[in-house]
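Chemist: have a look; sequence and predicted model below, questions after that.
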Number of protein chains: 2
Amino acid sequence: MGTATIRDVARQARVSLKTVSRVINQEGSVRDETRARVQRAIEQLDYRPDLSARSLRSAKAYAIGLVYDNPNPYYIIAVQQGALAACREMGFGLQIHPCNSRSPHLAEELRDLVHRSRLAGLVLAPPMSERMALLRELVAYNVPLVRIISAAEDPRDGFPCVFVDDRDAAYAITAYLIQLGHERIGFLWGGKQHRSSPERYKGYEKALQDYGVAMSNELVLEGDYSFDDGFRGARRLLGLAKPPTAIFGSNDEIAAGVLAAARAGGLHVPYDLSVAGFEDSPFSRHSWPSLTTSRQRTEQIAECATRLLIARIHGGDVENEGFSPELVVRGSTAPPRPRS
Amino acid sequence: MGTATIRDVARQARVSLKTVSRVINQEGSVRDETRARVQRAIEQLDYRPDLSARSLRSAKAYAIGLVYDNPNPYYIIAVQQGALAACREMGFGLQIHPCNSRSPHLAEELRDLVHRSRLAGLVLAPPMSERMALLRELVAYNVPLVRIISAAEDPRDGFPCVFVDDRDAAYAITAYLIQLGHERIGFLWGGKQHRSSPERYKGYEKALQDYGVAMSNELVLEGDYSFDDGFRGARRLLGLAKPPTAIFGSNDEIAAGVLAAARAGGLHVPYDLSVAGFEDSPFSRHSWPSLTTSRQRTEQIAECATRLLIARIHGGDVENEGFSPELVVRGSTAPPRPRS
DNA sequence: GCCATGGATGACAACGCTGTCAATTTGCTG
DNA sequence: CAGCAAATTGACAGCGTTGTCATCCATGGC
């Protein structure tokens, strides 16, 4: 049995191979009656075009690659969902490619992937999307790509992208904390290899300036986008002579660590300490108290990036697009407790 | 530039196409000197075989599909990682295929996928892996597959699988709670469409029996593998005239909901209430207190399943394999508070 | 010195499909 | 009804690779 080919369909419909091909690819120039006959044959034989053969012959590719190196399952799943949605709609396949962003041979590895698997292009998630050297190499290899990056505005650097305004979002969170009455607001950095980290820091800094709140270096700690760094960072901040009344973690995992540290220290969130995160991961809804955070429409962002890539592959000259995360207020933030 | 073909390599090495093919596929019957010349040409030209052309011609496939319908990002990412590890080692590609397990045309959809994308076979994660009708259809379509399922022992039903003994693991957790001194232990069911749910329930039930602890229907509630059902279920249990002193949630998300409900009710975990989860997701480590749970080596399980599939594709007649989750004791469980 | 043996190599076709271009049919005009 | 353009259809080659089978050459036994 198995797998009818275009040949079988042609025989059954009493037309040439090429006519079947035309019907499949909606090329037009086929009489309605002929088309109907071919359609019928296709259904009777349960025929499905073979993507390998098609892409081999037409020198077009019908799959794209999704490249990431990110330990955050929520983020990755959302990116995958978005990319898949776009791919399915456009009739493309999706090949996922988690990788090590520190690998020295990444450009070759990716070019390899593209060539071997006949990928039409790549969607790059952070932090790969922010390695200029990598981007240049890939472009030199003629690999079409679209990036998802953190930037306050269109970078116009020649590499197409979808950009997310982390700075503005961090500004909004910080401003919200200030408006609640907080004047000592701790900030825990995310990973240095992510461009989003300095962006978020800049937003924090600018809000303090704009509202005339004094900066204090002791309130800002470096770290990574991890629970453990949130925990450790919070412990240090809470051990200060003048501890902060609010802590802004650069993502929800960090904020989760802060929550844990606060509880370990016997503090009641939000009355003794306000905590804010970033990302709106499910964790932020399920923690106790639930986290004030910033909602990134990761799925939509990825879908948009994938659409851009496919449009580019189809030869379009497409514009970059920007997204702004939005503030989500939940139970982990409140006005500071009046000085006793 | 672009993408040398086997033809270029043959020209450069002054041999025939076929000889290059032999070298690439390690077929033997090539003189060392010739092989070296070809190798050199391959490196110089940076040649990579085209998987589409190869699979087209050889009627073999070099990619497998991973099919799942599961809202839990931690689980999915772990399964993907495991499957990818096996695929990379064996030179296979991986195509992910999230889908709706309730779709009536799933079998056709999957057969379609296999055919169009020339997949060598499918790895099925729960709950798809437990739909006998689906399995039968796929086998009728000649689709090689391996399942990941929940079962206390090798089902020997003709469909190859990797089976995870959820029952024994749930038994271990329940027994542990009993040994701590608990006699009223609530149980919150997972999703009915997952075979793991009744398995976990059976483990709970058996432990109560074996230890001579009275069953009480009011302590057992149905639900889904979700935070919200954990929250609602816990509220109901805690509102009973004789509330439980411990609650066993069928997974970590449910347990997270229980934690939240306990806190909303002013209870201190673990002193007023012990809580246990299942899965060892990162959440279980990052919650406060961290959750006593059952560690499933999801990544290894998926890798094993993928290996089995590839072995089967290569014509091997392989044995099913079993995994037993292991008890992880953390801060959310303690002896019950003495009656006041 | 001759032939059987077997290892190394190559020529050629074909996998399933689409691009090119030529052949055929259709429809329209005068 | 001839004449011509446009619409429709088909023959054929070839994408990059491997399977089949034929060919070539060195070796060794008699």
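Modeler: Arrived safely, thanks for sending. Numbers count the residues shown, from 1 in each chain, chains lettered A, B, ... in the order given.
Chemist: packing partners of the helix or strand where A:Phe248 lies?
Modeler: Here A:Phe248 sits within strand A:246-249, counting by DSSP states H and E. For strand A:246-249, the packing partners by 3 or more C-beta pairs under 8 Å, 6 or more residues apart in numbering or on different chains; DSSP states H and E come out as helix A:166-180, strand A:185-188, helix A:227-238, helix A:252-264, strand A:274-276. Glycine gets a C-beta too; all of them are placed from N, C-alpha and C.
Chemist: what lies in contact with that strand?
Modeler: If you take C-beta atoms under 8 Å, 6 or more residues apart in numbering or on different chains as the criterion, strand A:246-249 is touched by A:170, A:173-174, A:177, A:180, A:182, A:184-188, A:204, A:230, A:233-234, A:237, A:255-258, A:273-278, A:333, A:336.
Chemist: for the helices and strands packed on strand A:246-249, which one sits closest to DNA strand D?
Modeler: Proximity to DNA strand D, assessed across those by C-beta to the nearest atom of the strand, is greatest for helix A:166-180 (42.4 Å).
Chemist: next one: the closest one to chain centre, how far?
Modeler: Taking the mean of its C-alpha atoms, helix A:166-180 sits 22 Å from the chain's own mean (C-alpha atoms, centre = their mean, to the nearest Å).
Chemist: relative to A:Gln193, how far out is the residue of the stretch 151-300 of chain A found nearest DNA strand C?
Modeler: The minimum distance from the stretch 151-300 of chain A to DNA strand C, using C-beta to the nearest atom of the strand, falls at A:Pro160 (24.7 Å). From A:Pro160 across to A:Gln193, the span is 22 Å (C-beta to C-beta, to the nearest Å).
Chemist: higher neighbour count, those two?
Modeler: Neighbour tally, A:Pro160 and A:Gln193, criterion other C-beta atoms under 10 Å in any protein chain shown: the higher count belongs to A:Pro160, 20 against 16.
Chemist: list the residues that contact the residue lying closest to that one once chain neighbours are set aside.
Modeler: Closest residue to A:Pro160 apart from its sequence neighbours, by C-beta to C-beta, 6 or more residues apart in numbering or on different chains: A:Val146 at 5.0 Å. The contact partners of A:Val146, taken as C-beta under 8 Å, 6+ apart, are A:Gly121, A:Leu122, A:Val123, A:Leu124, A:Pro160, A:Cys161, A:Val162, A:Ala305, A:Thr306, A:Leu308, A:Leu309, A:Arg312.
Chemist: A:Ser226 too?
Modeler: A:Pro71, A:Glu253, A:Ile254, A:Gly257.
Chemist: make it 7 Å
Modeler: Neighbour list for A:Ser226: A:Glu253, A:Ile254 [criterion: C-beta atoms under 7 Å, 6 or more residues apart in numbering or on different chains].
Chemist: next step: the contacts of A:Val146 restricted to helices.
Modeler: Counting by DSSP state H, the contacts of A:Val146 place A:Ala305, A:Thr306, A:Leu308, A:Leu309, A:Arg312 in helices.
Chemist: identify the residue nearest the fourth one in space, chain neighbours excluded?
Modeler: It refers to A:Leu309. Of all residues not flanking A:Leu309 in the chain, A:Val146 sits nearest, at 4.1 Å (C-beta to C-beta, 6+ apart).
Chemist: run a quick neighbour tally on A:Asp252.
Modeler: 30.
Chemist: so it makes contact with A:Ala276?
Modeler: No: look at A:Asp252 against A:Ala276 with C-beta atoms under 7 Å: they stay out of range, at 9.6 Å.
Chemist: overlap in contacts of the two?
Modeler: A:Leu291, A:Thr293.
Chemist: what helix or strand is A:Glu303 on?
Modeler: Element membership of A:Glu303, judged by DSSP H and E, is helix A:298-313.
Chemist: spell out which residues make up each domain of chain A.
Modeler: Chain A breaks down by automatic domain parsing into domains covering A:6-49, A:61-165+A:297-326, A:166-296.
Chemist: a markdown table for the ones you listed, including mean pLDDT and distance to B:Asn25?
Modeler: A markdown table is the format used below for those (pLDDT from 0 to 100; distance: least, C-beta to C-beta, whole Å):
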| stretch | mean pLDDT | distance to B:Asn25 |
| --- | --- | --- |
| domain A:6-49 | 92 | 27 |
| domain A:61-165+A:297-326 | 93 | 15 |
| domain A:166-296 | 96 | 39 |
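Chemist: tell me which of these is the most buried.
Modeler: domain A:166-296 (a mean of 22; mean count of other C-beta atoms under 10 Å in any protein chain shown).
Chemist: please compute how far stretch A:59-77 lies from its chain's middle.
Modeler: 9 Å.
Chemist: for B:Ala151, which of the domains of chain A is the nearest?
Modeler: When the domains of chain A are ranked by proximity to B:Ala151, the top entry is domain A:61-165+A:297-326, at 26.0 Å, counting by C-beta to C-beta.
Chemist: ok, and does that closest one reach over to DNA strand D?
Modeler: No: judged by C-beta under 7 Å from any atom of the strand, domain A:61-165+A:297-326 and DNA strand D are separated, with a smallest distance of 8.7 Å.
Chemist: sorry, back to before: got the contact list for the residue of the stretch 151-300 of chain A closest to DNA strand C?
Modeler: Under the criterion of C-beta under 7 Å, 6+ apart, the neighbours of A:Pro160 are A:Val146, A:Leu308, A:Arg312, A:Val318, A:Asn320.
Chemist: what does the fourth one show for phi and psi?
Modeler: To tie it back to what came earlier, the one meant is A:Val318. Dihedral pair for A:Val318: phi -100, psi 160, per degrees, to the nearest 10.
Chemist: identify the residue of the stretch 201-340 of chain A closest to DNA strand C, quick one.
Modeler: Closest approach between the stretch 201-340 of chain A and DNA strand C, counting by C-beta to the nearest atom of the strand: A:His314, at 12.8 Å.
Chemist: just the closest residue of the stretch 201-340 of chain A to DNA strand D, please.
Modeler: The nearest approach of the stretch 201-340 of chain A to DNA strand D comes at A:Ile313, 17.9 Å away (C-beta to the nearest atom of the strand).
Chemist: and the residue nearest to that residue when sequence neighbours are not counted, its phi and psi?
Modeler: Distances taken as C-beta to C-beta, 6+ apart place A:Ala120 nearest to A:Ile313, at 4.8 Å, with adjacent residues excluded. A:Ala120 adopts backbone torsions of phi -80, psi -20, taken as degrees, to the nearest 10.
Chemist: which parts of the stretch 1-150 of chain A are strands?
Modeler: Secondary structure of the stretch 1-150 of chain A by DSSP state E, counting those that start in this stretch: the strands cover A:63-68, A:93-98, A:122-124, A:145-150.
Chemist: residues of the stretch 151-300 of chain A that sit close to chain B?
Modeler: Within the stretch 151-300 of chain A, the positions near chain B by C-beta under 7 Å from any C-beta of the partner chain are A:Phe227, A:Ala256, A:Leu259, A:Ala260, A:Arg263, A:Phe283, A:His286, A:Trp288.
Chemist: between those, which is nearest A:Pro244?
Modeler: A:Leu259 (14.4 Å).
Chemist: okay, and the beta partners of the residue nearest to A:Pro160?
Modeler: Under the criterion DSSP bridges, A:Val146 forms beta bridges with A:Val123.
Chemist: measure the closest residue to A:Phe163 other than its chain neighbours to DNA strand D for me?
Modeler: Closest residue to A:Phe163 apart from its sequence neighbours, by C-beta to C-beta, 6+ apart: A:Ala151 at 4.1 Å. For A:Ala151, the distance to DNA strand D equals 38 Å [C-beta to the nearest atom of the strand, to the nearest Å].
Chemist: gap between the two ends of stretch A:313-326?
Modeler: Using C-alpha to C-alpha, to the nearest Å, the end-to-end distance of stretch A:313-326 comes to 31 Å.
Chemist: contacts for that stretch, please.
Modeler: For stretch A:313-326, the surrounding residues in contact (C-beta under 7 Å, 6+ apart) are A:120-121, A:144, A:154, A:160-165, A:168-169, A:294-297, A:301, A:304, A:308, A:311-312.
Chemist: next: stretch A:276-283.
Modeler: Contacts with stretch A:276-283, where a contact means C-beta under 7 Å, 6+ apart, come from A:74, A:173, A:177, A:200, A:248-252, A:254-256, A:284, A:291-296, A:328, A:332-333, B:283.
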